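Colleague: I'll drop the sequence and a predicted model, then ask my questions.
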Amino acid sequence: MTRPDNTIGVLLPRDIPLNDLVAYARDADAYGFGELWVVEDLGYRGGLAQAATVLAHTRRIRVGVGLLPAGARNVAFAAMEAATLAQLHPGRVDLAVGHGMPDWMRGVGAWPASALTLLREYVGALRALLAGESVTTDGRYVRLDGIRLDASALPEQVPDVLAGVRGPKSLAVSGQVADGTLLAEPVTPEYVRAALAGIAAHRPHRLAAYNIAAVDDDPRAALAAARPALEPLGDPDWRPHIAPLDFHAELAELRRTSADAREFARAVPDEWAARLALAGTAEQVRAQIEALFDAGVTSAVLAPAGPDPRAALRALAEVL
């Protein structure tokens with residue numbers, strides 16, 4: 001059983017077949033998951049369009065957009081879209097804003113000289129606009145001249161704005177300006193404690209955590225299903241996730257000496273893999289989730305592993 005203030009959610013896979021998208025969301029709602037997070041990755045489907053669709057086809061599940069790159073959308077127009085979703089589906093919308101993957105953002109000509117400054121300005125302005133304030137600011141990136149949402153467009157329940165970040169400086173900004181932080185996978189208790197120390201929030205602050213997850217009566221089969229998701233972990237962007245672990249140096253060396261990411265993922269020892277993914281029987285995965293809650297996670301978001309998302313989701317529902 002989870003604590004009343006903790007939630008188990010699921011991730012909508014970015015590459016889910018279109019015919020399964022709505023069915024997957026309805027399944028997640030029916031199984032009793034507390035949250036459903038949609039992904040906005042470059043080249044896949046848009047986050048706001050997915051959120052609108054699954055909100056319209058589900059009954060009660062809360063839907064998060066994770067995440068909107070700050071450099072991709074004017075903040076006033078992003079506020080309009082978010083407010084509309086929150087009006088139509090009161091109390092069921094969360095937003096995460098982040099830097100976006102640097103290579104993707106450079107590829108579309110939207111990587112700023114100071115990603116931290118942009119994030120700080122953007123999140124502050126977005127939260128103020130959603131709260132109905134008139135915003136005038138002449139920042140380095142965000143410039144608004146008396147912009148506010150009309151009273152007819154304001155939601156009764158203002159959606160939370162989380163910062164989807166991972167590095168220490170970005171975590172500190174999240175603690176200062178956001179309602180919460182969204183951590184990408186893998187999230188271990190060690191990483192949670194390090195992230196919270198960096199966030200250092202002085203007011204209530206949510207912490208949502210993505211993790212690759214697989215449930216099977218055979219723990220070895222579950223770990224095998226989750227293992228391919230370990231492929232990116234040797235890349236520099238994932239260093240903050242790995243650095244708090246006692247085997248981080250050995251993991252980095254393994255990646256350095258592996259021919260490619262696939263070979264690296266296959267070579268990761270089972271003991272390490274079992275700490276980098278939520279994989280095992282339903283009871284084992286529940287214990288891992290409770291450890292994340294104990295460390296400070298408020299929303300454990302399970303990303304289903306395996307070729308059949310709906311079958312994986314059905315198995316993950318056993319942890320509830």
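Modeller: Done, it's in.
Colleague: C-alpha only now, for contacts and for neighbours.
Modeller: Will do.
Colleague: start to end distance for stretch 157-176?
Modeller: Terminal residues of stretch 157-176 are spaced 22 Å apart (C-alpha to C-alpha, to the nearest Å).
Colleague: can you give me the offset of that stretch from its chain's centre?
Modeller: Its chain's C-alpha centre and that of stretch 157-176 lie 11 Å apart, by C-alpha atoms, centre = their mean, to the nearest Å.
Colleague: again with stretch 25-32
Modeller: 19 Å.
Colleague: Show me what it is in contact with.
Modeller: Residues outside stretch 25-32 that contact it (C-alpha atoms under 8 Å, 6 or more residues apart in numbering) are 10, 12, 36, 54, 57-61, 310, 313-314, 317, 320.
Colleague: In this protein, where is pLDDT below threshold?
Modeller: 1-4 (pLDDT under 70).
Colleague: counting contacts, what elements does the strand ranked longest in it pack onto?
Modeller: For the chain, the strand that runs over the most residues, judged by DSSP state E, is strand 206-215. When contacts are defined as 3 or more C-alpha pairs under 8 Å, 6 or more residues apart in numbering; DSSP states H and E, strand 206-215 sits against strand 180-183, helix 219-226, strand 278-280, strand 299-304, helix 309-316.
Colleague: The ones you listed: which one's closest to residue 203?
Modeller: Residue 203 sits nearest to strand 180-183 of all the helices and strands packed on strand 206-215, at 9.9 Å, using C-alpha to C-alpha.
Colleague: Enumerate the helices of this structure by residue range, in sequence order.
Modeller: For the chain, the helices defined by DSSP state H cover 18-31, 47-56, 75-88, 102-107, 115-130, 168-177, 189-199, 219-226, 239-242, 248-257, 261-267, 270-276, 282-295, 309-316.
Colleague: any idea of the angle the third one forms with helix 47-56?
Modeller: Interaxial angle, helix 75-88 versus helix 47-56 (axes from the mean of the first three to the mean of the last three C-alpha atoms, to 10 degrees): 10 degrees.
Colleague: mind checking how far helix 75-88 is from the chain centre?
Modeller: For helix 75-88, the separation from the chain centroid amounts to 19 Å (computed by C-alpha atoms, centre = their mean).
Colleague: And the last one, by the same measure?
Modeller: The chain centre lies 19 Å from the centre of helix 309-316; the measure is C-alpha atoms, centre = their mean.
Colleague: what comes into contact with it?
Modeller: 13, 16, 20, 24, 27-28, 31, 213-216, 282, 302, 304-306.
Colleague: just these now: which is nearest residue 41?
Modeller: Closest approach between the contacts of helix 309-316 and residue 41, by C-alpha to C-alpha: residue 13, at 10.5 Å.
Colleague: what's the burial count for that closest one?
Modeller: Neighbours of residue 13 under the rule other C-alpha atoms under 10 Å: 16.
Colleague: From residue 143, how far out is it?
Modeller: From residue 13 to residue 143 the distance is 35 Å (C-alpha to C-alpha).
Colleague: What are the buried residues along stretch 29-37?
Modeller: Within stretch 29-37, the residues that qualify as buried are 29, 33, 34, 35, 36, 37, counting by 16 or more other C-alpha atoms under 10 Å.
Colleague: Can you add distance to residue 151 and give the helices of the chain back as TSV?
Modeller: TSV is the format used below for the helices of the chain (distance: least, C-alpha to C-alpha, whole Å):
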stretch	distance to residue 151
helix 18-31	31
helix 47-56	21
helix 75-88	11
helix 102-107	34
helix 115-130	11
helix 168-177	24
helix 189-199	33
helix 219-226	47
helix 239-242	42
helix 248-257	51
helix 261-267	51
helix 270-276	46
helix 282-295	38
helix 309-316	40
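Colleague: before we move on, the earlier item: now the longest strand of the chain, how far from the centre of its chain.
Modeller: For strand 206-215, the distance to the chain centre is 8 Å (C-alpha atoms, centre = their mean).
Colleague: Mind listing residues that contact that strand?
Modeller: 11, 162, 179-187, 222-223, 225-226, 229, 277-282, 285, 296-306, 312, 315-316, 318.
Colleague: Skipping its backbone neighbours, what lies nearest residue 67 in space?
Modeller: With sequence-adjacent residues excluded and distances taken as C-alpha to C-alpha, 6 or more residues apart in numbering, residue 67 is closest to residue 96, at 4.8 Å.
Colleague: Which residues are in contact with the one you found?
Modeller: Residue 96 touches 64, 65, 66, 67, 68, 161, 162, 163, 164, 181, 182, counting by C-alpha under 8 Å, 6+ apart.
Colleague: residue contacts, the third one?
Modeller: Spelled out, it's residue 66. Residue 66 makes contacts with 37, 38, 39, 40, 47, 95, 96, 97, 164, 182, as judged by C-alpha under 8 Å, 6+ apart.
Colleague: Please consider this matter closed, and thank you.
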